[in-house]
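1. Task: produce atomic coordinates for the following.
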Amino acid sequence: MIEDLLDQWKKIDDSETMRAELRAKGEELKIVKREKGETDLQLSICQLKLSCKTEEVKVLEAETHKLTKRIRDMEVELDESYQANHELRVNKFDKSLVDTYRHHYDMKSSHLEFVLENLREAEEELVEMKNMEPHDLLEQLESLKFEKLELEKKLMNQKNSELSRKSKGGHRNGYNNNYHQY
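-> Residues are numbered from 1 along each chain as shown. Sure thing, here's the model as predicted:
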């Protein structure tokens, strides 16, 4: 049963990989030069964000459905276990397993609600952008580009600091605490 949970988490990671691929494809979009080229690009970016959120919601809904079914199955098994087995240890273990599944289900449900709220916000932003003037969209695009550059700088600084920490290694007094070194 734990392996099944690990498989489910792997599927969630795979969906995150799929979203990352969608984002990469979105970044490869070619800008068509027209009067509203920048506006079209901004709308394409918003639509890409919306499709990523939609995919994430679909994946989370499927996972929620699977977990709900698994919880029901485990509750049935628990009821059968209570009837068939009078040993308290076994019953406590089964109940804790169902409680664990219920906890995972609650976590998934709250995450799904969060994603749905983000999706609604993204839809509202898209509607607002459709009603904006081209020069306002250009300003917003420049702002987003600046934010992206700032985030990339922060990420690079964070990676560099982690690499420098990892490269130092060893103990602070200079000894490595590796007693098996010759």
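
2. Worst mean pLDDT across the helices and strands of this structure, which element?
-> helix 2-27 (a mean of 67; mean pLDDT, DSSP states H and E).

3. Next secondary structure after that one?
-> From helix 2-27 onward toward the C-terminus, using DSSP states H and E, the following helix or strand is helix 37-84.

4. how big is the angle separating the helix or strand just after that next one from helix 37-84?
-> As assigned by DSSP H and E, the chain's next helix or strand after helix 37-84 is helix 88-130. Helix 88-130 runs at 160 degrees relative to helix 37-84, counting by axes from the mean of the first three to the mean of the last three CA atoms, to 10 degrees.

5. what packs against the following helix or strand past helix 88-130?
-> Proceeding N to C from helix 88-130, the next assigned helix or strand is helix 134-168, under DSSP H and E. The helices and strands touching helix 134-168, judged by 3 or more CB pairs under 8 Å, 6 or more residues apart in numbering; DSSP states H and E, are helix 37-84. In this view, the C-beta of every residue, glycine as well, is placed from N, C-alpha and C.

6. State the mean pLDDT of the helix it packs on.
-> Confidence for helix 37-84, expressed as mean pLDDT, is 79.

7. now the angle between helix 134-168 and that helix, please.
-> 60 degrees.

8. who does helix 37-84 touch, helix- and strand-wise?
-> Using 3+ CB pairs under 8 Å, 6+ apart: helix 37-84 touches helix 2-27, helix 88-130, helix 134-168.

9. Of these, flag the one that's most buried.
-> helix 88-130 (a mean of 14; mean count of other CB atoms under 10 Å).

10. Out of the helices and strands packed on helix 37-84, which gets nearest to residue 47?
-> Closest to residue 47 of those, according to CB to CB: helix 88-130, at 7.1 Å.

11. thinking again about what came up before, mind putting the helices and strands packed on helix 37-84 in JSON lines, distance to residue 72 included?
-> Shown next, in JSON lines, are these (distance: least, CB to CB, whole Å):
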{"stretch": "helix 2-27", "distance to residue 72": "15"}
{"stretch": "helix 88-130", "distance to residue 72": "10"}
{"stretch": "helix 134-168", "distance to residue 72": "42"}
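
12. so which of these gets nearest residue 48?
-> That would be helix 2-27 among the helices and strands packed on helix 37-84, by CB to CB, at 3.8 Å.

13. Check the helices and strands packed on helix 37-84 for me: which has the lowest mean pLDDT.
-> Taking the mean pLDDT of the helices and strands packed on helix 37-84, helix 2-27 comes last: a mean of 67.

14. Residue 101 and residue 68 touch, don't they?
-> No: the pair residue 101 / residue 68 is not scored as a contact, 9.6 Å apart, by CB atoms under 8 Å.

15. Out of the helices and strands packed on helix 37-84, which gets nearest to residue 46?
-> Here helix 88-130 is closest among the helices and strands packed on helix 37-84 (CB to CB), at 4.5 Å.
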